[in-house]
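**Student:** After the sequence you'll find the predicted model.
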Amino acid sequence: MEMLVRLMGMIMNVFTKGAASIIVQEKLLTEKDMNKGRGANRNPYFGRVLMRKTFSGYVMGTDYAASVANAATRMGNVTSAEEVQLKQNWHKPINGDGGEWFSTDRATESKIYLKLQRNEQQIAHKITTEYFLDGHPATPEEQASIEAWLKKKSSTQSSTQTDLGVDKEHEQHFMLPQLDTITYIKQGDKELKPHEVFAMAVAVA
């Protein structure tokens, strides 16, 4: 946790809140991400697949309620963030100055998430996903097989935003990658590679 706290401080000090950025996340896929299967049809990929997601044109440091309120205001439905009650059942902003940058899990407060929002002014915003199987880039056939085992997530519009009269065209899009899975952040000529920073800190210690 100490390393994560240091990383949080570095992110807030190095980068500008609300500026378009590139964020890379890498994580080993587990039973939380993939179906297990059963009997002879068991998932053969547990512990073997590294997923890399690249978020391009997203911003860090965003106030969810204010963003949704602004969208609802443009639709002529609300006038302030105070009128917006977001359904944040599984995460909440951390205490202190980093609340617009980071969230924690509501159950144990043991995990930290980097709050990202799609920059609506940047046309090139996108998420790119790559898979590495046993250390090598997955072939198209391997990727198709891996994706067949992934748990499907709902892509329906946010019910909170729908209730506030925000239509799909103006819906605000948020992502919450876990902080200890972030491997690279770039914003203009500023960049940060957390794993390299941590490795150097351990070597010095």
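**Tutor:** Good, I have the coordinates. Worth saying up front: this structure is predicted, and the values here are computed from it rather than measured. Numbering: from 1, shown residues only.
**Student:** Just give me how far the longest helix along the chain sits from the chain centre.
**Tutor:** Using DSSP state H to define each element, the chain has its longest helix at helix 2-14. Counting by C-alpha atoms, centre = their mean, to the nearest Å, helix 2-14 is centred 16 Å from the centre of its parent chain.
**Student:** right, and the helix or strand after that helix?
**Tutor:** Following helix 2-14 in sequence order, the next helix or strand is strand 20-28 (DSSP states H and E).
**Student:** picking that back up, got the angle between the longest helix of the chain and strand 20-28?
**Tutor:** 160 degrees (axes from the mean of the first three to the mean of the last three C-alpha atoms, to 10 degrees).
**Student:** Now do the buried residues in helix 2-14.
**Tutor:** Going by neighbour count (16 or more other C-beta atoms under 10 Å), the buried part of helix 2-14 is 4, 7-8, 11-12. C-beta coordinates here come from the backbone N, C-alpha and C atoms, glycine included.
**Student:** and which of those is nearest to residue 149?
**Tutor:** Ranked by distance to residue 149 (C-beta to C-beta), these are led by residue 4 at 29.7 Å.
**Student:** Residues in a beta bridge with the nearest residue to residue 111 once chain neighbours are set aside, which ones?
**Tutor:** The shortest distance from residue 111 to any non-neighbouring residue, by C-beta to C-beta, 6 or more residues apart in numbering, is to residue 105 (4.6 Å). Beta bridges link residue 105 to residue 91 when assigned by DSSP bridges.
**Student:** For residue 105, grab the count of nearby residues.
**Tutor:** 15 (other C-beta atoms under 10 Å).
**Student:** how close does it sit to residue 1?
**Tutor:** Counting by C-beta to C-beta, to the nearest Å, the gap from residue 105 to residue 1 is 13 Å.
**Student:** What ranges does the protein have for its strands?
**Tutor:** Under the criterion DSSP state E, the chain contains strands at 20-28, 37-38, 41-42, 49-60, 91-93, 102-105, 112-114, 116-118, 126-133, 136-137, 174-175, 182-187, 190-192.
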